[in-house]
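In: the following comprises the amino acid sequence and a computationally predicted model.
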Amino acid sequence: MFGRWLGNRTNWVQRTSPLAALQTPPDAGVLSCRVLDPVNEPVAHAEFAVSDAQGRKVVSGGTDPYGSFVATVPAGEYRLAVSAEGYAPYRATAMVGENALASLGDVTLQVAQPPDLPAPGDWDIEATHSSIAFTARHIGLARVHGRFNSFAGAVRIADHVEQSAMHVVIDAASIDTNVRMRDDHLRSADFLDVARFPTLEFYSERCAHKGGKRWAVTGALSLHGVTRTVTLDMDYLGLGNGMEGETRAAFRASTELHRDDYTVSWQTMLARGIAVVGPSIKVDLDVQLVPRG
């Protein structure tokens, strides 16, 4: 019969397991478990990291659609870490015998407590510890990474957080990809046309909680003289204290923009028909907020 893992105790499983016929390399065994939520539904795509007794990662991966995880590892003692969006991390220890199955049985993840939200009121983006970055495809192969070095923004946290507002202004000329000639081209009329459109602006008056630390922030982005609705996929990281003891709130967010939506349609093709610049741009924000003094 299977042994059953409880708490953080070590579990040995007898060789009479139904998986004993599974072909394994010499001196190896099989580690397995099934991951469930608090109502006994499988958690698909939970992330696993299996480390040896010295803390070296041996194997990692995710559960299948039924919440199951199976890995063949050399015989020995292992530490298993399980994580999934919206759930508290889970850790266990298992011993894997040669040509044996070590099963942790059903592992139940507990719902994580969401981090405390910022207090209602006015907050400012602290630019020194924040970044607005982007990634674009170049000639269909490489990626070009860049950022905007100058920006400012404010967030008004409402009593009902879903009604909070955000306004961010970005200096278009501060675009920086670490290549001066390329940056000058990006500032030109072929792309951002900073002489006519000196700023990019994002304004939002609504957000929605997606569970755990995940939020969606929907607003209007004005770029190159065109305004479109954009939704930011946001991870709220919680509250902390700065070096001088001031309260800070932090989040990460991302979205994808399409150049043609903003009439940034400059295009040049290589001889083989490959576009020099890809049609979409991924935007990543890493932001810290401080209360307005």
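Out: Good, I have the coordinates.
In: for the stretch 151-293 of the chain, which segments count as strands?
Out: Counting by DSSP state E, counting those that start in this stretch, the stretch 151-293 of the chain has strands at residues 151-157, 165-171, 175-176, 199-211, 214-223, 226-241, 247-258, 277-291.
In: what separates the second one from the chain centre, distance-wise?
Out: Averaged C-alpha coordinates place strand 165-171 at 22 Å from its chain's average position (Cα atoms, centre = their mean, to the nearest Å).
In: for that strand, buried residues please.
Out: For strand 165-171, burial by neighbour count (16 or more other Cβ atoms under 10 Å) applies to Ala165, Met166, His167, Val168, Val169, Ile170. Where you see a C-beta, it was placed from the backbone N, CA and C, and this is true even at glycine.
In: please tabulate these in JSON lines, including the columns pLDDT and distance to Arg180.
Out: Converted to JSON lines, the buried residues of strand 165-171 look like this (pLDDT from 0 to 100; distance: Cβ to Cβ, whole Å):
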{"residue": "Ala165", "pLDDT": "96", "distance to Arg180": "37"}
{"residue": "Met166", "pLDDT": "96", "distance to Arg180": "32"}
{"residue": "His167", "pLDDT": "97", "distance to Arg180": "31"}
{"residue": "Val168", "pLDDT": "97", "distance to Arg180": "26"}
{"residue": "Val169", "pLDDT": "97", "distance to Arg180": "24"}
{"residue": "Ile170", "pLDDT": "97", "distance to Arg180": "20"}
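In: could those go into JSON lines alongside distance to Gly245?
Out: Below are the buried residues of strand 165-171 laid out as JSON lines (distance: Cβ to Cβ, whole Å):
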{"residue": "Ala165", "distance to Gly245": "27"}
{"residue": "Met166", "distance to Gly245": "25"}
{"residue": "His167", "distance to Gly245": "27"}
{"residue": "Val168", "distance to Gly245": "26"}
{"residue": "Val169", "distance to Gly245": "29"}
{"residue": "Ile170", "distance to Gly245": "30"}
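In: in the sheet, who's paired with Met234?
Out: Trp215, Ala253 (DSSP bridges).
In: that one: neighbouring residues, count only.
Out: Counted with other Cβ atoms under 10 Å, the neighbours of Met234 add up to 21.
In: now do it against Ala133, distance only.
Out: In this view, Met234 and Ala133 are 15 Å apart by Cβ to Cβ, to the nearest Å.
In: can you map out the helices along the stretch 51-200 of the chain?
Out: Residue ranges of the helices in the stretch 51-200 of the chain, as given by DSSP state H, counting those that start in this stretch, are 180-187.
In: need the residue closest to the centroid of this protein.
Out: For the chain, the residue nearest the mean C-alpha position is Asp235 (7.2 Å; Cα atoms, centre = their mean).
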